[in-house]
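>>> Output the structure for:
(3 chains)
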Amino acid sequence: MTTTLETPVAETPATPPPRTRRTGQQVGRFLAYVVLVFFAIVYLYPFLIQIVTSFKTDTDATNTPLSLLPDPVTTAAFSRLFDTDFLLWGFNSVWVSVLVTVGRVFLCSLAGYALARLRFRGRSAIFTAVLAVMAVPGVVLLIPKFLVLNQLGIYDTPVALFLPLVADAAGIFIMKQFFESVPASIEEAARIDGAGTFRVFWSVVLPMARPALITLTILSFQASWNELPHFIVASQDRDLYTLTKGVATLTTGQLGSGNQFPLTLGAALLMTIPVAVVFFVFQRYFVGGANEGAVKG
Amino acid sequence: MTAVPAPAGGLRTRPRREPGRSSARAGQGRAGWAFTAPQVVLIGLFVLVPILMAFWVSLTDWRGRGSPFTGQVGFVGFDNYATILTEPGLARQDFMTALRNNAWYVLLVVPLQTAIALGLALVLNSRIRAKGFFRTAFYFPTVTSSVAISLVFIFLFTGGGAVNGLLGLVGIDGPNWFSDSRGLVHLLGDGLGLWDAANPPAALTDGGPLGLSWWDWLSGPSIALAALILLVVWTSAGGYMLMFLAALQDVPNDVREAAVMDGANAWQRFRAVTLPALRPTLFLVTTLGLIGTWQVFDQVYLISQGNPAKTTLTPAYLSYTSAFETGQWGRAAAMSFVLFAIIIVLTSLQRFLMRDKDAAAEKKAVRAAQRARAASSKTTFFQAGR
Amino acid sequence: MRSPIRRSAQAAVAVAALSLAAACGGGFDDTAEQQESGSASLTMLIASSGDAETQAVQDQVAAYEQESGNTVDVQVAADLSQELAQGFAGGNPPDVFYLDASRLADQADAGNLFPYVDQVDDVDDFYPNLIDAFTYQDTQYCLPKDFSTLALEINDAAWSAAGLTEADYPTTWEQLATVAQRLTTGTQTGLVIGDTRDRVGAFMVEAGGWFLNGDGTEATVDSSENLEALQYLQTNLAAGSFRYPSGVDAGWGGEAFGTGKAAMTIEGNWLVGAMEADYPDVGYTVVPLPEGPGGPGTLSFTNCLAVAADSDAQDAAVDLATYLTGADAMTALTQDTGVLPSRQSLADAYLQQFPERQAYIDGAEYAQGPVNAPGAEQVLLDFDSQLGGLATGDPQAILDSTQTNLEQAIGG
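Predicted coordinates:
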């Protein structure tokens, strides 16, 4: 690490700092690396432990929790995991997340576009309502959601798993902000050509909105994949368990007594993979704000 | 979200090109409603209507059998609210214990995660290598599910687990984290010789407001709750770090460089240039932190279920168990509304405090906010994801 | 209020149930089984300790399906009380479900249960105090499917290492305290007991006290008997010869016992299976709990097969519940699961098979069931949370606050 310290300082393009500060800056930079490396260990070590432990035996995991070498290496935890309903949970998580994501992205961009561009009576009232709904803490909705699902007669049905999650005020807000930030001239030209509002939206506006759509897709997928409380109150049928709800039951020792750390950590590992893949592929959309700032600066 | 100032009626400022085409405008009116209708219906059905239903339930003695919207259900007015707020008894004691726990939790999580997020962002914003790697490492837990992370932390924090193994390496005999109910403030005072935790001063145990003694209110978070606090700070700091990072990169370089030329040292530059520019983000981060921490549910549900000795009980979890485990639906609904009120009051209070301090710099901040508009709209993406 | 689909589905079930009821004639009787030709579809919600138990239940249910022509969907709950609550509130509860005796009063009070015990002939065969555990306000609601009691488990190696013999097995509190002290060494605690009412309560019973009076109408927590029990525990906890599991870094008494951190523990018959699975090499002996000033005492834990008041196929549900609590099914269900048959007539055969469980069965005579009053659960959870601090706390204060809370809960 120390060898790399010189270069960036020497290459500093604009306004080289006065010489007197240089050693101070070097010390500062060294400290910065110490801090970063320390936190990187704090952040990565749990994930490492998680991966390694899922290949351990139960006793090995309990007796040598710090060891990063499974002895012996075993995939027994994973075979036992697939004896449970793990695949069914995964399947449920997939279709729920896909439906929620598609629903949110389509309906939020429709509504966001209308609020940003279309002139109609009640528009500002709707927008105020959207802002107010965004301020409602999700957890206080647990009991209310159960009540309404029950009244609608869709409690414990597949519909109850995904439909309430499609309602998303924050997504509307994001899309509205985005549409306001792009110039209106292109779509107005299309409109003058006589295209209907939905045509304009579908074939002119949406293609331009790709970055925002991708961001919303990622956020919706991640949020619905990781959702837990909603699934707890929306269903009880074991056939409707999603990954979060199903894996949560593993901690309550349904599969017998004892600490089954390799099993639970293996389950945690597998359920993290889809989100991790999405995260690494679309990382720049996650950290888009930071990147954009860097380009500007 | 209250934190994000949104210009209402932005369209009015934009002159219409063809004001005479009223049929087009009528078409827009229809389209506007058609476009917004699906989400309006969904939000109405799954947010607004449920809230009204739950409010009704909070005024009844419904025990969870059949529908609460029939004549057979007894209307009890605000009795449920009285039970948890004013009437001495176990129900109030439990609710107050949950509030106490959550207050300590908020008091520790919000400053800790904000400080760590800001610190990491400042360090990452300097000229260093492997920026992307560090940023990814810190941010990744934020996108991971609470279930997966909780399972990992249960393993790390068991009595003979990795954390105690590490502590053992430096000669510390770690506690049995998730089953240790001793309060940190109690222990601290004991360690400093202020009191004997096993034999607390009568002045503190004899009385206190709202059904808990002063001694109980002042216990501090239990060791079990402290482990949850570590978990949550670890998970969420990275997301807030990104917000700070985005804001930092919008701090105009020329201002900073001018300050460098003026001979300001690092701390002075931070105080005079960076901090004011970060104020809106700081506000956003603490607001989101407050809202999020008062809602803690997943980790309690997954890890501790309120144990040990009720020291990880939170209002959200207590409300859930009161309804779904013990069938006290009215009381449980009342708890959610009290929690709702607490969150609204606290965020408004915080908004008021931070605005008051800022009155002079307000205009400047507004201008800065407008300049950073694209960036700040990006920033809101993150809150949508939580 | 409900969707048309759901409603029509329920209507179909209701019609099926009605036709079944009609086919059976008025009400349920012993000959109904042979007459049934129609089929009802039932759901049954159970809690299970593992695959073996689930399989045992499913085998018996399959036999029932064969015999009755009804179909039964067995669901294993991850969190039984939560799933029950959602079922009741959703208007679609399971027809038959396991119900812990400690939750009976809550469910009965809410009107969720259909009492069926009066339709059964041989109620006398069940241990009377187990039937009492499922009786609320003079109504007998459901039949216990099995039970467990607490006894004292002693590690043989530790026992002889301390120079003790069979003649020294404690039968009084004084003897228990003495041997616990003798067994306590640097790495081994004399007696490790769980820090909840489900263990500590046994001492209250032995002292002659309990949370409620005999008919469950009055809170008697702050009695001098209960105080004596807590003081006895406090003395020994303070001396270090008794400890809670968390004090020896164990999850429960059985873990402390199996790992040798405890020379004795007080657990129920489920310990036998856990020891076989996790610590097969530890030799131990089970003896009845020592008598206190109030005589012998232990606690019983039991689940019944409850039938939902809202069940669409109530007769068939009762039929299933009585089938599964019948002698044949009970014999099969208590084979591998470590629980004890709740029918007295099955005790001898059971003991021939599992002689080492004598002490647990013997406890049935004088075992005290769980507190049986609506709303008591929260009070007792609070009591549990205070027990953690018993070693240094004020026993009278613990009892006083619990007394106040329990009075409030049952007084309404």
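>>> My guess is residue C:407 contacts residue C:219. True?
Yes. Judged on Cβ atoms under 8 Å, residue C:407 makes contact with residue C:219 at a distance of 4.8 Å. C-beta: built from backbone N, CA, C; applies to glycine.
>>> of those two, who's got more company?
residue C:219 (25 against 14; other Cβ atoms under 10 Å in any protein chain shown).
>>> For the more buried one, which residues are in contact?
Residues near residue C:219 by Cβ atoms under 8 Å, 6 or more residues apart in numbering or on different chains: C:211, C:212, C:403, C:406, C:407, C:410.
>>> ditto for residue B:306
Listed by Cβ under 8 Å, 6+ apart, the contact partners of residue B:306 are B:300, B:312, B:313, B:314, B:317, B:318, B:321.
>>> For the stretch 201-350 of chain C, which residue gets nearest to chain A?
Distances between the stretch 201-350 of chain C and chain A by Cβ to the nearest Cβ are smallest at residue C:274, namely 5.9 Å.
>>> isn't that residue right next to residue C:251, touching?
No. Using Cβ under 8 Å as the test, residue C:274 is too far from residue C:251 to be in contact (11.1 Å).
>>> who's more crowded, these two?
Using other Cβ under 10 Å as the criterion, residue C:274 and residue C:251 rank with residue C:274 on top: 20 against 17.
>>> how near is the closest residue to chain C within the stretch 1-150 of chain A to residue C:119?
As assessed by Cβ to the nearest Cβ, chain C sits closest to residue A:150 within the stretch 1-150 of chain A, at 5.3 Å. Separation of residue A:150 from residue C:119 (Cβ to Cβ, to the nearest Å): 32 Å.
>>> ok, those two, which is more surrounded?
Between residue A:150 and residue C:119, counting by other Cβ under 10 Å, residue A:150 is the more crowded of the two (24 against 16).
>>> related to what we said a few turns ago, and the residue of the stretch 1-150 of chain A closest to chain C, helix, strand or coil?
Recorded secondary structure, residue A:150: helix (DSSP: H, G, I helix; E, B strand; the rest coil).
>>> That one against residue C:89, yeah?
Yes. Counting by Cβ under 8 Å, residue C:89 is a contact partner of residue A:150 at 6.3 Å.
>>> that older thread, which members of the contacts of residue B:306 occur in strands, if any?
If you go by DSSP state E, those have nothing in strands.
>>> Farthest pair within those?
Pairwise distances across the contacts of residue B:306 (Cβ to Cβ) peak at 12.4 Å, for the pair B:312 and B:321.
>>> Residue ranges in the stretch 151-300 of chain B under the pLDDT threshold?
Within the stretch 151-300 of chain B, the stretches with pLDDT under 70 are B:253-264.
>>> Can you name the residue of it nearest to chain A?
Proximity of the stretch 151-300 of chain B to chain A (Cβ to the nearest Cβ) peaks at residue B:249, 3.0 Å away.
>>> Now do that residue against residue B:289, distance only.
Plainly put, residue B:249 is 22 Å away from residue B:289 if you go by Cβ to Cβ.
>>> can you give me the strands in the stretch 51-200 of chain C?
With DSSP state E, counting those that start in this stretch as the criterion, the stretch 51-200 of chain C has strands at C:71-76, C:96-100, C:135-136, C:139-140, C:143-155, C:189-192.
>>> Can you tell me the strand partners of the fourth one and which way each runs?
Here strand C:139-140 is paired, per DSSP bridges, with strand C:135-136 (antiparallel).
>>> And the partner strand, how far out from the chain middle?
15 Å (Cα atoms, centre = their mean, to the nearest Å).
>>> ok, now stretch C:318-327?
19 Å.
>>> So the strand or helix carrying residue B:287, near chain A or not?
Using DSSP states H and E, residue B:287 sits in helix B:275-293. Yes. Under the criterion of Cβ under 8 Å from any Cβ of the partner chain, chain A is reached by helix B:275-293 at residue B:291.
>>> residues from the stretch 51-200 of chain B in reach of chain C?
Within the stretch 51-200 of chain B, the positions near chain C by Cβ under 8 Å from any Cβ are B:63-67, B:69, B:89-91, B:93-94, B:159-160, B:176, B:179-181, B:198-199.
>>> Drop anything exposed from those.
Buried members of these, scored by 16 or more other Cβ atoms under 10 Å in any protein chain shown, are B:63-67, B:89-91, B:93-94, B:159, B:176, B:179-181.
>>> Which one of those residues is nearest to residue A:56?
Taking Cβ to Cβ as the measure, residue A:56 lies nearest residue B:159 of these, at 18.1 Å.
>>> For that closest one, which non-adjacent residue is spatially closest?
residue B:176 (4.0 Å; Cβ to Cβ, 6 or more residues apart in numbering or on different chains).
>>> Dihedrals phi and psi, that neighbour?
Taking degrees, to the nearest 10, you get phi -80, psi 80 for the backbone angles of residue B:176.
>>> so what's it up against?
B:158, B:159, C:246, C:249.
>>> How far does the longest helix along chain B sit from its chain's centre?
As assigned by DSSP state H, the longest helix anywhere in chain B is helix B:90-125. Centroid separation for helix B:90-125 versus its chain: 8 Å, with Cα atoms, centre = their mean.
>>> Identify each buried residue in that helix, please.
B:90-106, B:108-110, B:112-114, B:116-118, B:120-125.
>>> And chain A, is that helix touching that?
Yes. For helix B:90-125 and chain A, the contact criterion (Cβ under 8 Å from any Cβ) is met by B:119, B:120, B:123, B:124.
>>> Comparing residue B:312 and residue B:321, which shows the higher neighbour count?
The residue with more neighbours, out of residue B:312 and residue B:321, is residue B:312; 28 against 22, by other Cβ under 10 Å.
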